[in-house]
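**Q** return a 3D structure for these sequence lines:
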Amino acid sequence: MTTNYTTPGAPEHIRADIEQSRADLGDTVTALTGKVDPQTRVRGALSSVRSRTASGVASVRAQAPRVGRAVRNRPVPVAAGALALAAAVTGLVLGRRAAKARSARGRRLPAFLRR
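**A** Numbering: from 1, shown residues only. I've put the predicted structure just below:
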């Protein structure tokens with residue numbers, strides 16, 4: 001912004017420009033403070049999580065009666081699926097335990113260092 005301050009009344013123009021610049025700078029600082037403040041960021045994140053959780057709960061509640069009817073109408077496939085899921089989880093847990101045990105055995109000291 002180019003202003004000619006050689007005209008009469010120039011000091012008033014300068015003061016007005018300074019006040020406008022101060023107001024703009026204050027707005028910028030306020031906006032940056034809101035973005036950097038950890039408490040404000042945490043509140044925003046919590047608000048987002050709450051809204052997503054609420055929408056997910058509403059979706060589950062809306063579908064629960066339909067799922068209940070499907071289970072009552074066809075219990076064998078649902079039971080088979082639940083059994084398969086349980087077997088998969090058990091396999092993963094046991095596999096991790098075995099891998100951990102193998103790893104621990106490999107870290108033993110050589111015989112000549114053990115006494």
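
**Q** contacts, neighbours, all on C-alpha from now
**A** Will do.

**Q** next one: the helix-or-strand element of the chain with minimal mean pLDDT to chain centre, how far?
**A** Least confident helix or strand, the chain: helix 10-36 with a mean of 87, by mean pLDDT, DSSP states H and E. In terms of Cα atoms, centre = their mean, to the nearest Å, the centre of helix 10-36 is set 35 Å apart from its chain centre.

**Q** which is the next helix or strand following that helix?
**A** Using DSSP states H and E, the helix or strand that directly follows helix 10-36 along the chain is helix 38-73.

**Q** ok and that following helix relative to helix 10-36, angle-wise?
**A** 40 degrees (axes from the mean of the first three to the mean of the last three Cα atoms, to 10 degrees).

**Q** so the next helix or strand after helix 38-73 versus helix 38-73, what angle?
**A** Once the chain leaves helix 38-73, the next helix or strand it forms, by DSSP H and E, is helix 75-106. For helix 75-106 against helix 38-73, the angle by the same axes, to 10 degrees is 130 degrees.
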